[in-house]
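Novice: one predicted model, sequence on top.
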Amino acid sequence: MREHTKDAMVFKAFCDVNRLQILEMLRTGEKCACKLLEELNISQSTLSHHMKILCESGIVTGRKEGKWTHYSIQPQGAEYAGELLKILTSTNHVAENTDCCKG
């Protein structure tokens, strides 16, 4: 059985429109929080909330530069998220007990 806490954090990162927009913007490279704020038209506190979730999931990483943080997609975290989705949706498995519901 897998440790599902980390897995749940990955999926939480993907279940918000703003976070999906952030990920789309980061696909082209590192972005300053100021640029994300400008593009998304959200408050600083709302952006901080979303970035905390993305960073905790391991999909995004941030680095401080002066008063701003610059964010980018973390390759290992993105790879983990992709593999996780493949694992959880794979139908290439042996059923443990296929006759459990047969009368």
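Specialist: Yep, it's here. Residues are numbered from 1 along each chain as shown.

Novice: residues near Val17, how many?
Specialist: The number of residues packed near Val17 is 8, by other C-beta atoms under 10 Å. In this view, the C-beta of every residue, glycine as well, is placed from N, C-alpha and C.

Novice: make that Asp16, sorry
Specialist: 14.

Novice: for it, which non-adjacent residue is closest in space?
Specialist: His50 (6.8 Å; C-beta to C-beta, 6 or more residues apart in numbering).

Novice: element containing that neighbour?
Specialist: Using DSSP states H and E, His50 maps to helix 44-57.

Novice: what helices or strands is whichever helix or strand comes after that helix leaning on?
Specialist: As assigned by DSSP H and E, the chain's next helix or strand after helix 44-57 is strand 60-65. Counting contacts by 3 or more C-beta pairs under 8 Å, 6 or more residues apart in numbering; DSSP states H and E, strand 60-65 packs against helix 17-26, helix 44-57, strand 68-73.

Novice: most tightly surrounded among these?
Specialist: strand 68-73 (a mean of 18; mean count of other C-beta atoms under 10 Å).
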